[in-house]
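1. Take a look and give me a structure for this.
(one chain, ligands or ions: 1)
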Amino acid sequence: MQQDDGLRGVVAVDGPAGTGKSTVARRLAASLGARYLDTGAMYRAATLGVLRAGVDPTESTAVSEVVAQCHIEVGTDPDIFRVLLDGEDVSREIRGPAVTLAVSPVSAVSPVRELLVAEQRRIIVDATAAGGGIVVEGRDIGTVVVPDAPLKVFLTATAAQRAARRAAQDGVDDVAEIRRAVERRDRFDSSRAMSPMCAAADAVELDTTALDVDAVLGKLHELAVVRGLVVLAARGRT
Ligand code: DC
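-> Numbers count the residues shown, from 1 in each chain. Here you go, the predicted model:
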């Protein structure tokens, strides 16, 4: 893979937690000089806003009212993770257990999704306007946010493997508890009425259970080249 290669257009990366989605999407964007959008971080920031307002995450009307008042900004530099809620850097806090526990019900609220999807589309249009590229990760990118994305990937892995990765990442010993939490969130995210997590009909499904990050990254890069999305800067051709 060349460091100078450039991406044009949108690569949609969807899938459940623990599939290596974030690491791979971020590294793919960095290696191709592209922008990167973590849509999960936007739902997490909205959830933090709800918790800070003292609102029950399952009270959908109150949740949408709070989120409509929140000002959420996400950076698109793959090397700098930055999320602001009403001007405050909450990049670390949105990864905490309180937000992780409450994010599924908040992200199931239709007006919340409408607001955030509109903002995601604005960011994507902006990033691709002058022939640039962006890697966007989430649960509904290929199905709802950018249904015409030229490359859609849906990453999967067994629940055991995903729980083990999450436990290692968070430095937690109780893998069984993490697995229960991961499965609970998957069930919720896959069964909600609006934009449930699922692979788009034209997505490439990739099981990452037995693959390390470099292997997954290599496959995604190869797919982007095959789809004609990678401009090889040195040779000036795709
Ligand atoms: O990727 P993550 O774990 O940070 O996502 C947090 C939650 O946000 C996840 O439980 C589902 C939700 N989400 C969503 O509904 N749609 C997206 N495009 C991204 C995330």
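
2. Show me the beta-bridge partners of residue 73.
-> Beta-bridge pairing of residue 73 under DSSP bridges involves residue 84.

3. Is it in contact with residue 84, as I believe?
-> Yes - using Cβ atoms under 8 Å, residue 73 makes contact with residue 84 at a distance of 4.2 Å. All C-beta spots, glycine's among them, are computed from the backbone N, C-alpha and C.

4. Check residue 79 and give its pLDDT.
-> On the pLDDT scale, residue 79 is placed at 96.

5. Equivalent analysis for residue 174, please.
-> Looking at residue 174, its pLDDT reads 84.

6. Give the full set of residues in contact with it.
-> residue 167 (Cβ atoms under 8 Å, 6 or more residues apart in numbering).

7. any idea how far the ligand is from it?
-> Note on residue 174: its distance to the ligand, by Cβ to the nearest ligand atom, to the nearest Å, is 19 Å.

8. for this protein, what are the low-confidence residue spans?
-> For the chain, the stretches flagged by pLDDT under 70 are 1-4, 234-238.

9. Show me what from the chain comes close to the ligand.
-> 17, 39-40, 43-44, 103-104, 107, 138-140, 185, 189 (Cβ under 6 Å from any ligand atom).

10. which stretches of the chain form helices?
-> 21-31, 39-52, 60-69, 97-107, 110-128, 159-170, 175-191, 213-226 (DSSP state H).

11. closest to residue 198 out of those?
-> Nearest of these to residue 198, taken as Cβ to Cβ: helix 175-191 at 6.7 Å.

12. Show me which positions of that closest one end up buried.
-> By 16 or more other Cβ atoms under 10 Å, the buried positions in helix 175-191 come out as 175, 178, 179, 181, 182, 185, 186, 188, 189.

13. now stretch 89-100
-> Buried positions in stretch 89-100, judged by neighbour count with 16+ other Cβ under 10 Å: 90, 91, 93, 94, 99, 100.
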